[in-house]
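> next input, structure requested:
(one chain, ligands or ions: 1)
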Amino acid sequence: MLQVEQLDAHYGLFQALFGVSLRVEPGQTLALIGSNGAGKTTLLRTLAGALSARPDSICLDGQDISVGHELDRLRQGIALVPEGRRLFPSLTVREHLALAQRNGRPGAWTPERVLDEMPVLRDLLARPATAMSGGQQQLVAIARALLCNPRYLLCDEVSLGLSPLAVEEVYRLLRQASQSGMALVLVEQNVRRALNASDRYVCLQKGRVVLEGESLQANHHDVAAAYFGVETT
Ligand SMILES: Nc1ncnc2c1ncn2[C@@H]1O[C@H](COP(=O)(O)OP(=O)(O)OP(=O)(O)O)[C@@H](O)[C@H]1O
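All right, here's what the predicted structure looks like:
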(Lines give C-alpha, C1' and ligand atoms only; values in the text may rest on other atoms or scores of the structure.)
Protein backbone atom coordinates (compact mmCIF):
# COMPACT_ATOMS: atom_id res chain seq x y z
CA MET A 1 0.00 0.00 0.00
CA LEU A 2 1.11 3.56 -0.77
CA GLN A 3 0.52 5.69 2.27
CA VAL A 4 0.87 9.45 2.58
CA GLU A 5 0.91 10.91 6.08
CA GLN A 6 0.83 14.61 6.90
CA LEU A 7 2.66 15.54 3.71
CA ASP A 8 3.71 19.16 3.22
CA ALA A 9 5.31 20.52 0.05
CA HIS A 10 7.02 23.81 -0.61
CA TYR A 11 8.32 25.84 -3.53
CA GLY A 12 10.91 27.94 -1.71
CA LEU A 13 8.97 29.88 0.90
CA PHE A 14 5.59 29.11 -0.68
CA GLN A 15 3.75 26.16 0.88
CA ALA A 16 1.64 24.22 -1.65
CA LEU A 17 0.54 21.19 0.41
CA PHE A 18 -0.56 21.19 4.04
CA GLY A 19 -0.68 17.93 5.98
CA VAL A 20 -2.07 15.78 3.15
CA SER A 21 -2.85 12.19 4.17
CA LEU A 22 -4.22 9.46 1.90
CA ARG A 23 -3.82 5.80 0.99
CA VAL A 24 -3.76 3.94 -2.28
CA GLU A 25 -4.33 0.19 -2.00
CA PRO A 26 -2.60 -2.12 -4.49
CA GLY A 27 -4.61 -2.33 -7.71
CA GLN A 28 -6.92 0.53 -6.70
CA THR A 29 -7.59 3.66 -8.77
CA LEU A 30 -7.67 6.94 -6.87
CA ALA A 31 -8.85 10.18 -8.50
CA LEU A 32 -7.40 13.48 -7.28
CA ILE A 33 -9.92 16.24 -7.84
CA GLY A 34 -9.52 19.98 -7.36
CA SER A 35 -9.51 23.31 -9.15
CA ASN A 36 -6.44 25.00 -10.64
CA GLY A 37 -3.74 25.48 -8.06
CA ALA A 38 -5.27 23.03 -5.55
CA GLY A 39 -1.99 21.10 -5.37
CA LYS A 40 -2.74 18.01 -7.47
CA THR A 41 0.37 18.22 -9.64
CA THR A 42 2.49 19.06 -6.60
CA LEU A 43 1.18 15.95 -4.83
CA LEU A 44 1.93 13.69 -7.82
CA ARG A 45 5.39 15.20 -8.28
CA THR A 46 6.16 14.72 -4.61
CA LEU A 47 5.02 11.08 -4.75
CA ALA A 48 7.21 10.61 -7.85
CA GLY A 49 10.29 12.00 -6.09
CA ALA A 50 10.55 15.17 -8.19
CA LEU A 51 9.90 17.33 -5.11
CA SER A 52 11.29 16.58 -1.69
CA ALA A 53 9.24 15.33 1.23
CA ARG A 54 10.07 15.08 4.94
CA PRO A 55 10.96 11.64 6.31
CA ASP A 56 8.05 9.34 7.20
CA SER A 57 5.54 11.20 5.03
CA ILE A 58 5.48 8.66 2.15
CA CYS A 59 5.51 4.92 2.89
CA LEU A 60 5.34 1.99 0.51
CA ASP A 61 4.29 -1.30 2.09
CA GLY A 62 5.26 0.10 5.48
CA GLN A 63 8.69 1.24 4.35
CA ASP A 64 9.60 4.92 4.42
CA ILE A 65 10.46 6.06 0.88
CA SER A 66 10.04 9.81 1.45
CA VAL A 67 13.66 10.68 0.85
CA GLY A 68 14.71 9.79 -2.68
CA HIS A 69 14.71 10.94 -6.25
CA GLU A 70 12.73 10.01 -9.34
CA LEU A 71 14.98 7.12 -10.31
CA ASP A 72 14.67 5.66 -6.79
CA ARG A 73 10.89 5.86 -7.06
CA LEU A 74 10.89 4.19 -10.48
CA ARG A 75 12.84 1.30 -9.01
CA GLN A 76 10.48 1.15 -6.06
CA GLY A 77 7.59 0.89 -8.52
CA ILE A 78 6.17 4.42 -8.76
CA ALA A 79 6.08 6.09 -12.18
CA LEU A 80 4.64 9.41 -13.32
CA VAL A 81 3.00 10.37 -16.62
CA PRO A 82 3.64 14.10 -16.24
CA GLU A 83 1.36 16.93 -17.21
CA GLY A 84 2.34 18.13 -20.70
CA ARG A 85 4.01 14.76 -21.37
CA ARG A 86 7.58 16.09 -21.09
CA LEU A 87 9.01 14.10 -23.98
CA PHE A 88 12.58 14.76 -25.15
CA PRO A 89 12.38 16.71 -28.43
CA SER A 90 15.54 15.13 -29.87
CA LEU A 91 14.71 11.48 -29.03
CA THR A 92 12.74 9.14 -31.23
CA VAL A 93 9.89 7.02 -29.94
CA ARG A 94 12.19 3.97 -29.96
CA GLU A 95 14.77 5.86 -27.85
CA HIS A 96 12.12 6.97 -25.36
CA LEU A 97 10.99 3.38 -24.93
CA ALA A 98 14.56 2.06 -24.60
CA LEU A 99 15.38 4.64 -21.95
CA ALA A 100 12.27 3.78 -19.96
CA GLN A 101 13.07 0.09 -20.07
CA ARG A 102 16.57 0.76 -18.77
CA ASN A 103 15.37 2.94 -15.88
CA GLY A 104 12.43 0.84 -14.79
CA ARG A 105 11.75 -2.62 -13.42
CA PRO A 106 11.40 -5.88 -15.29
CA GLY A 107 7.82 -7.11 -15.64
CA ALA A 108 4.88 -7.90 -17.86
CA TRP A 109 5.04 -4.60 -19.77
CA THR A 110 7.71 -5.26 -22.40
CA PRO A 111 8.26 -3.20 -25.59
CA GLU A 112 6.42 -5.93 -27.55
CA ARG A 113 3.40 -5.78 -25.26
CA VAL A 114 3.35 -1.99 -25.29
CA LEU A 115 3.44 -1.98 -29.11
CA ASP A 116 0.74 -4.65 -29.25
CA GLU A 117 -1.47 -2.44 -27.10
CA MET A 118 -0.56 0.71 -29.06
CA PRO A 119 -0.02 -0.55 -32.61
CA VAL A 120 -0.04 3.00 -33.98
CA LEU A 121 3.39 3.50 -32.38
CA ARG A 122 4.95 0.68 -34.46
CA ASP A 123 5.03 2.89 -37.56
CA LEU A 124 6.34 5.85 -35.61
CA LEU A 125 9.31 4.25 -33.84
CA ALA A 126 11.93 6.20 -35.80
CA ARG A 127 10.11 9.50 -35.50
CA PRO A 128 11.12 12.25 -33.05
CA ALA A 129 8.48 11.99 -30.37
CA THR A 130 7.55 15.63 -30.62
CA ALA A 131 6.82 15.37 -34.39
CA MET A 132 3.55 13.58 -33.69
CA SER A 133 -0.01 14.49 -32.79
CA GLY A 134 -0.86 15.28 -29.17
CA GLY A 135 -2.70 11.98 -28.82
CA GLN A 136 0.27 10.01 -30.17
CA GLN A 137 2.63 11.88 -27.86
CA GLN A 138 0.40 11.01 -24.93
CA LEU A 139 0.59 7.35 -25.91
CA VAL A 140 4.41 7.58 -25.89
CA ALA A 141 4.31 9.17 -22.44
CA ILE A 142 2.07 6.38 -21.16
CA ALA A 143 4.12 3.68 -22.92
CA ARG A 144 7.25 5.08 -21.29
CA ALA A 145 5.68 4.84 -17.84
CA LEU A 146 4.22 1.36 -18.41
CA LEU A 147 7.62 0.06 -19.54
CA CYS A 148 8.94 0.88 -16.07
CA ASN A 149 6.45 -1.74 -14.79
CA PRO A 150 5.25 0.41 -11.90
CA ARG A 151 2.94 -0.89 -9.20
CA TYR A 152 1.63 2.66 -8.82
CA LEU A 153 1.09 4.74 -11.96
CA LEU A 154 0.55 8.47 -11.42
CA CYS A 155 -1.23 10.21 -14.31
CA ASP A 156 -1.36 13.99 -14.51
CA GLU A 157 -4.04 15.39 -16.84
CA VAL A 158 -3.51 12.69 -19.45
CA SER A 159 -6.59 13.73 -21.45
CA LEU A 160 -5.85 17.45 -21.58
CA GLY A 161 -6.07 18.91 -25.10
CA LEU A 162 -6.76 15.56 -26.78
CA SER A 163 -9.51 14.74 -29.27
CA PRO A 164 -12.41 12.64 -27.92
CA LEU A 165 -11.05 9.61 -29.81
CA ALA A 166 -7.57 10.04 -28.35
CA VAL A 167 -9.08 10.41 -24.86
CA GLU A 168 -10.95 7.11 -25.38
CA GLU A 169 -7.71 5.42 -26.40
CA VAL A 170 -5.80 6.80 -23.41
CA TYR A 171 -8.49 5.62 -20.98
CA ARG A 172 -8.65 2.20 -22.66
CA LEU A 173 -4.92 1.85 -21.92
CA LEU A 174 -5.35 2.96 -18.34
CA ARG A 175 -8.09 0.34 -17.90
CA GLN A 176 -5.68 -2.29 -19.29
CA ALA A 177 -3.03 -1.16 -16.82
CA SER A 178 -5.52 -1.30 -13.98
CA GLN A 179 -6.77 -4.75 -15.02
CA SER A 180 -3.17 -5.96 -15.04
CA GLY A 181 -3.06 -5.12 -11.30
CA MET A 182 -1.50 -1.66 -11.39
CA ALA A 183 -2.76 0.97 -8.96
CA LEU A 184 -3.50 4.32 -10.57
CA VAL A 185 -3.60 7.85 -9.21
CA LEU A 186 -5.43 10.05 -11.71
CA VAL A 187 -5.49 13.81 -11.92
CA GLU A 188 -8.28 14.64 -14.35
CA GLN A 189 -10.02 17.98 -14.95
CA ASN A 190 -13.22 16.23 -16.03
CA VAL A 191 -14.73 15.33 -12.65
CA ARG A 192 -17.32 12.95 -14.10
CA ARG A 193 -14.62 11.05 -16.01
CA ALA A 194 -12.40 11.02 -12.92
CA LEU A 195 -15.17 9.52 -10.78
CA ASN A 196 -16.18 7.00 -13.45
CA ALA A 197 -12.61 5.79 -13.82
CA SER A 198 -11.79 5.47 -10.11
CA ASP A 199 -12.59 3.43 -7.00
CA ARG A 200 -11.97 6.29 -4.57
CA TYR A 201 -11.54 10.04 -4.82
CA VAL A 202 -9.80 12.74 -2.84
CA CYS A 203 -10.67 16.44 -3.29
CA LEU A 204 -7.92 18.94 -2.68
CA GLN A 205 -8.49 22.62 -2.04
CA LYS A 206 -5.65 25.08 -1.49
CA GLY A 207 -3.27 22.25 -0.66
CA ARG A 208 -5.54 20.47 1.83
CA VAL A 209 -7.75 17.40 1.61
CA VAL A 210 -11.34 18.62 2.01
CA LEU A 211 -13.37 15.59 0.92
CA GLU A 212 -12.78 11.94 0.10
CA GLY A 213 -14.74 8.76 -0.39
CA GLU A 214 -15.86 5.93 -2.66
CA SER A 215 -16.29 7.18 -6.23
CA LEU A 216 -19.49 5.20 -6.79
CA GLN A 217 -21.07 6.85 -3.79
CA ALA A 218 -19.78 10.35 -4.53
CA ASN A 219 -22.37 13.05 -4.08
CA HIS A 220 -21.78 15.27 -7.10
CA HIS A 221 -23.11 18.34 -5.29
CA ASP A 222 -20.59 17.88 -2.44
CA VAL A 223 -17.76 17.16 -4.88
CA ALA A 224 -18.60 20.28 -6.91
CA ALA A 225 -18.70 22.34 -3.70
CA ALA A 226 -15.32 20.96 -2.63
CA TYR A 227 -13.95 21.56 -6.11
CA PHE A 228 -15.00 25.20 -6.22
CA GLY A 229 -14.42 25.85 -2.55
CA VAL A 230 -17.97 26.93 -1.76
CA GLU A 231 -20.03 26.14 1.33
CA THR A 232 -22.89 23.65 0.97
CA THR A 233 -26.08 24.21 2.90
N1 LIG B 1 7.31 25.78 -9.66
C2 LIG B 1 6.51 26.45 -8.83
N3 LIG B 1 6.96 27.49 -8.13
C4 LIG B 1 6.16 28.18 -7.26
N5 LIG B 1 4.87 27.86 -7.02
C6 LIG B 1 4.37 26.82 -7.71
C7 LIG B 1 5.14 26.05 -8.64
N8 LIG B 1 4.35 25.08 -9.16
C9 LIG B 1 3.15 25.25 -8.59
N10 LIG B 1 3.16 26.29 -7.73
C11 LIG B 1 2.03 26.76 -6.91
O12 LIG B 1 1.64 25.68 -6.07
C13 LIG B 1 0.22 25.62 -5.94
C14 LIG B 1 -0.25 24.25 -6.38
O15 LIG B 1 0.01 24.10 -7.77
P16 LIG B 1 -0.27 22.75 -8.56
O17 LIG B 1 0.29 22.91 -9.93
O18 LIG B 1 0.17 21.61 -7.73
O19 LIG B 1 -1.85 22.74 -8.61
P20 LIG B 1 -2.84 21.86 -9.47
O21 LIG B 1 -3.94 21.45 -8.57
O22 LIG B 1 -2.07 20.77 -10.15
O23 LIG B 1 -3.36 22.90 -10.53
P24 LIG B 1 -3.46 22.82 -12.14
O25 LIG B 1 -4.75 22.09 -12.39
O26 LIG B 1 -3.53 24.26 -12.52
O27 LIG B 1 -2.24 22.12 -12.65
C28 LIG B 1 -0.32 26.76 -6.80
O29 LIG B 1 -0.58 27.86 -5.95
C30 LIG B 1 0.81 27.07 -7.76
O31 LIG B 1 0.80 28.43 -8.14
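> mind showing which ranges of this protein have poor pLDDT?
230-233 (pLDDT under 70).
> show me what from this structure comes close to the ligand.
Contacts of the chain with the ligand, taken as Cβ under 6 Å from any ligand atom, map to Tyr11, Phe14, Ala16, Gly34, Asn36, Gly37, Ala38, Gly39, Lys40, Thr41, Thr42. Yep, even glycine has a C-beta here, placed from its N, CA and C like the rest.
> which SS state does the closest residue to the fourth one other than its chain neighbours fall under?
By that I understand Gly34. Closest residue to Gly34 apart from its sequence neighbours, by Cβ to Cβ, 6 or more residues apart in numbering: Leu204 at 3.8 Å. Of the three states, Leu204 takes strand according to DSSP: H, G, I helix; E, B strand; the rest coil.
> residues in a beta bridge with Leu204, which ones?
Val209 (DSSP bridges).
> burial measure for the closest residue to Leu162 other than its chain neighbours, as a count.
Distances taken as Cβ to Cβ, 6+ apart place Gly135 nearest to Leu162, at 5.1 Å, with adjacent residues excluded. Gly135 is surrounded by 18 other residues when neighbours are defined as other Cβ atoms under 10 Å.
> which SSE is Gly135 in?
When secondary structure is defined by DSSP states H and E, Gly135 falls within helix 134-146.
> tell me the SS of the closest residue to Ala218 other than its chain neighbours?
Leaving out its chain neighbours, the residue that sits closest to Ala218 by Cβ to Cβ, 6+ apart is Leu195, at 5.3 Å. Taking three-state DSSP as the rule, one finds Leu195 in the helix state.
> tell me who's in contact with the residue nearest to Leu162.
Contacts for Gly135 (Cβ atoms under 8 Å, 6 or more residues apart in numbering) come out as Leu162, Ser163, Leu165, Ala166, Glu169, Val170.
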